[in-house]
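Participant: let's see this in three dimensions:
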Amino acid sequence: MPSSKAERLHFTWENLTIACSECNRRKNDYHEHGMEFLDPYMEDVEAVVEHHGPIMGWISGNTRAEITIKILELHNAERFELILRKIEKIDVSYDTLNLIRAGLKKVVNDPRGTGMKARLKDIVIAGKTGTAENPMGKAHGWFSGFAPFDNPKICVMAFVEFGGKGGLEASILARKVIEKSRELGIW
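Facilitator: The predicted structure is shown next:
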């Protein structure tokens, strides 16, 4: 969607967040008028929720916080355990994993890499570029990567509508996110 039509849906440091497809589905299925979810961009969510490791709870008496957490199942320890078990079942050999990591490193750091625009002088970034064809106009571009290569602290994914090849605009955006997150002390 062009930023001229929905500017608040486009990247700013204030709206950067982690997205969960299951949470998005649950948000889409929820239609209780007059009882909206908490808005982490416009409200002080920390004042009405409690963190217990990866699990969230609500401060007694805050109905909107309770509904948000229950509908999105942010309080469900079993759900987190299920996700961890699925991750543990992935059967990839150490050699295969190293081969994949080496390829991701080359995408950004090799002079012929399609993600060269994500490269930084002082941080080794690894990633993958991509292009999604668009029958209505210019292709969409994406870049997904992580840094630092030897001890990852951040993972980013940038999708630029009408951004052309992924190695261009999306790689630059991902690099800026990595730079800014380090500058802010996030990692």
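Participant: domains in this protein, by residue range?
Facilitator: Per automatic domain parsing, the structural domains of the chain span 21-88, 94-183.
Participant: tell me the mean pLDDT for the last one?
Facilitator: Think domain 94-183. Taken as a whole, domain 94-183 carries a mean pLDDT of 92.
Participant: and it, end to end?
Facilitator: 33 Å (Cα to Cα, to the nearest Å).
Participant: how far off centre is it?
Facilitator: Relative to its parent chain, domain 94-183 has a centroid offset of 13 Å by Cα atoms, centre = their mean, to the nearest Å.
Participant: can you show me the strands along the chain?
Facilitator: 49-52, 55-58, 126-132, 140-147, 154-160 (DSSP state E).
Participant: picking that back up, just name the most buried of the domains of the chain.
Facilitator: Most buried of the domains of the chain by mean neighbour count (mean count of other Cβ atoms under 10 Å) is domain 94-183; its value is a mean of 17. Just so you know, the C-beta spots here come from the backbone N, C-alpha and C atoms, and that holds for glycine as well.
Participant: how near is the residue of the chain most remote from its centre to Val48?
Facilitator: Distance from the centre of the chain peaks at Gly61, with 31.4 Å (Cα atoms, centre = their mean). Gly61 is 9 Å from Val48, where distance means Cβ to Cβ, to the nearest Å.
Participant: and for Leu38?
Facilitator: Using Cβ to Cβ, Leu38 is found at 7 Å from Val48.
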